[in-house]
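Asks: give the three-dimensional model of this entry:
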Amino acid sequence: MPRFVPYRRSLTPRARVLRRDGTPAERKLWYEFLRMLPEKFTRQKPLGAYVADFYCSSHRLVIELDGDSHFVGNAAYDAVRTCQLASLGIRVVRFTNAEVLESFEGVCLKIEQALKT
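Replies: Residues are numbered from 1 along each chain as shown. Below you'll find the predicted structure:
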């Protein structure tokens, strides 16, 4: 499967804003873990019709951090999004912001395990 994933170019400005204005959980995960891994991750990466929080192209792995908005009526949207990314050969691993802030080591272990599979 090719590494390049087509995306909507109109998402690029939105991705830049999201990179600049990351949540505390996104900043923690990026600065304290993901950016130091030997596997290269990209923040706020446009993929298909979506912007993924973190993406590792060599493993075709997306890490999504879900805040409160994802639990109030957006579960169906997230399921569709996950299915569409899966159709592009991309795995999605989801964590809540609370998990990152309260169980950081556990989240990091799960990401390491996902990178091994």
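Asks: tell me how many other residues crowd residue 13.
Replies: Using other C-beta atoms under 10 Å, residue 13 is surrounded by 9 other residues. For every residue, glycine as well, the C-beta is placed using N, CA and C.
Asks: just the terminal-to-terminal distance for stretch 40-54.
Replies: Stretch 40-54 stretches 10 Å from its first residue to its last (C-alpha to C-alpha, to the nearest Å).
Asks: likewise stretch 80-96?
Replies: Length of stretch 80-96, first residue to last, C-alpha to C-alpha: 18 Å.
Asks: pLDDT below threshold where in the protein?
Replies: 1-4, 6, 68-73 (pLDDT under 70).
Asks: strands along that one, start to end?
Replies: Taking DSSP state E, the strands of the chain run over residues 42-47, 50-56, 61-66, 91-96.
Asks: tabulate the ones you listed (TSV), appending mean neighbour count and distance to residue 109.
Replies: Converted to TSV, the strands of the chain look like this (neighbours: other C-beta atoms under 10 Å; distance: least, C-beta to C-beta, whole Å):
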stretch	mean neighbour count	distance to residue 109
strand 42-47	20	21
strand 50-56	22	16
strand 61-66	22	13
strand 91-96	17	12
